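K.L.:
Turn this into a model:
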Amino acid sequence: MENAKKLSRRLAFPIVSRLFGASVRLLRQTRPDWQPRRWSNAELRKLGSRFTGAVINVSGWDDQDQEGGRYVDYFPGSTSYAVSNVGGARGGVRSDDIPLDLTEPVSEECRQKFDVVFNYTTLEHIYDTRTALNNLCALSRDIVVLTVPFMQVEHWEESSYEDYWRFTKFSLVRLFEERGYSVLYLSSNHNPVYPIYYFCVASSHPERWANKLAAIPRNEVSSVLESGSLYSRRVAPGCKLMT
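P.N.:
Next comes the predicted model:
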């Protein structure tokens, strides 16, 4: 009897595997908005126009959004826009890049030089994440916009960067809180077929943003965290938390 069960499982596995693969492909075809880059770009488009002043894309490579656009265009209200990079397979690709290594303390001339600091899927590749986040916050006079993976396969490039960490909504709130920042907006593309990212906006002056982000349309795959949650003590009134 036991052998018959084992045989049945062995015969069923390839059938179930093919059905699962077909389901994944179908879901990806019907819900391309779940793809993490496309989803996070859409999140940034919703908020980017609300920010003004000097903006920097930290470790931004060539500033491409992988949808045929550039991130500079996501911040139409910026008075200046810079990109920083560091040596590596995807670093230092433009002559006007700002050289910036997130593992080293930010220079005095760069401290609080920018109103908005944007960083896309970099922290998972830096072992000393706390120093890197210290630097992102030190660069900013107010806003840090961060995208990080929650669930994604390991990815790295030889002799360039490795892959160390994944982040939860709990860790993001705590990490920013420790640096004197409040999370204003937090969302995720939770789904069953693509890598899952968190998109986070934090501010060192949350009082400036009370109620300003509350009208942002809710992403279909997100849900608003209700008052009384872990975050209600830590987030500026009127700001939006999503997961």
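K.L.:
Tell me which residues of the longest strand anywhere in the chain come out buried.
P.N.:
Of all the segments assigned as strand in the chain under DSSP state E, the longest by residue count is strand 140-151. Of all the residues in strand 140-151, those buried under the rule 16 or more other Cβ atoms under 10 Å are 140, 142-150. From N, CA and C alone the C-beta is placed, and that goes for glycine too.
K.L.:
Centre of the chain to that strand, how far?
P.N.:
Distance of strand 140-151 from its chain centroid, counting by Cα atoms, centre = their mean, to the nearest Å, is 6 Å.
K.L.:
my read is N119 is in a strand, agree?
P.N.:
Yes. Remark: N119 belongs to a strand, assigned using DSSP: H, G, I helix; E, B strand; the rest coil.
K.L.:
And the nearest residue to it once chain neighbours are set aside, what's its pLDDT?
P.N.:
On the basis of Cβ to Cβ, 6 or more residues apart in numbering, the spatially nearest residue to N119 that is not a chain neighbour turns out to be V58, at 4.5 Å. V58 is assigned a pLDDT of 97 by the prediction.
K.L.:
quick check: mean pLDDT across the top helix by length along the chain?
P.N.:
Longest among the helix segments of the chain by residue count, using DSSP state H, is helix 2-30. Throughout helix 2-30, pLDDT has a mean value of 77.
K.L.:
Check which element follows that helix along the chain.
P.N.:
The C-terminal neighbour of helix 2-30 among helices and strands, as given by DSSP states H and E, is helix 36-48.
K.L.:
State the paired neighbours of the longest strand of the chain in the sheet, together with their directions.
P.N.:
The strands that strand 140-151 pairs with in its sheet are strand 114-120 (parallel), strand 196-203 (antiparallel) (by DSSP bridges).
K.L.:
Show me how far the shortest one is from its chain's centre.
P.N.:
Computed by Cα atoms, centre = their mean, the chain-centroid distance of strand 114-120 equals 12 Å.
K.L.:
Report the separation between M151 and N189.
P.N.:
10 Å (Cβ to Cβ, to the nearest Å).
K.L.:
Now the common contact residues for these two.
P.N.:
I196 (Cβ atoms under 8 Å, 6 or more residues apart in numbering).
K.L.:
Can you check what pLDDT the model gives the residue most central in space within the chain?
P.N.:
If you average the C-alpha coordinates of the chain and look for the closest C-alpha using Cα atoms, centre = their mean, you land on T147, 0.8 Å from that point. On the pLDDT scale, T147 is placed at 98.
K.L.:
so who does it touch?
P.N.:
T147 sits next to 40, 44, 119-121, 197-200 when contact means Cβ under 8 Å, 6+ apart.
K.L.:
export the residues you listed to a markdown table and tack on neighbour count and distance to V24?
P.N.:
As requested, these are arranged in a markdown table below (neighbours: other Cβ atoms under 10 Å; distance: Cβ to Cβ, whole Å):
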| residue | neighbour count | distance to V24 |
| --- | --- | --- |
| S40 | 21 | 20 |
| L44 | 20 | 26 |
| N119 | 23 | 30 |
| Y120 | 23 | 25 |
| T121 | 18 | 22 |
| Y197 | 25 | 18 |
| Y198 | 25 | 22 |
| F199 | 27 | 23 |
| C200 | 25 | 27 |
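K.L.:
Might you list the low-confidence residue ranges for the chain?
P.N.:
Filtered on pLDDT under 70, the chain yields the residue ranges 1-2, 6-7, 88-94, 214-243.
K.L.:
Okay, domains of it per the record?
P.N.:
Domain assignment for the chain by automatic domain parsing gives 1-30, 31-241.
K.L.:
how close does the residue lying closest to S182 once chain neighbours are set aside get to I143?
P.N.:
What sits nearest to S182 in space, not counting adjacent residues and going by Cβ to Cβ, 6+ apart, is P206, at 4.0 Å. For P206, the distance to I143 under the criterion Cβ to Cβ works out to 10 Å.
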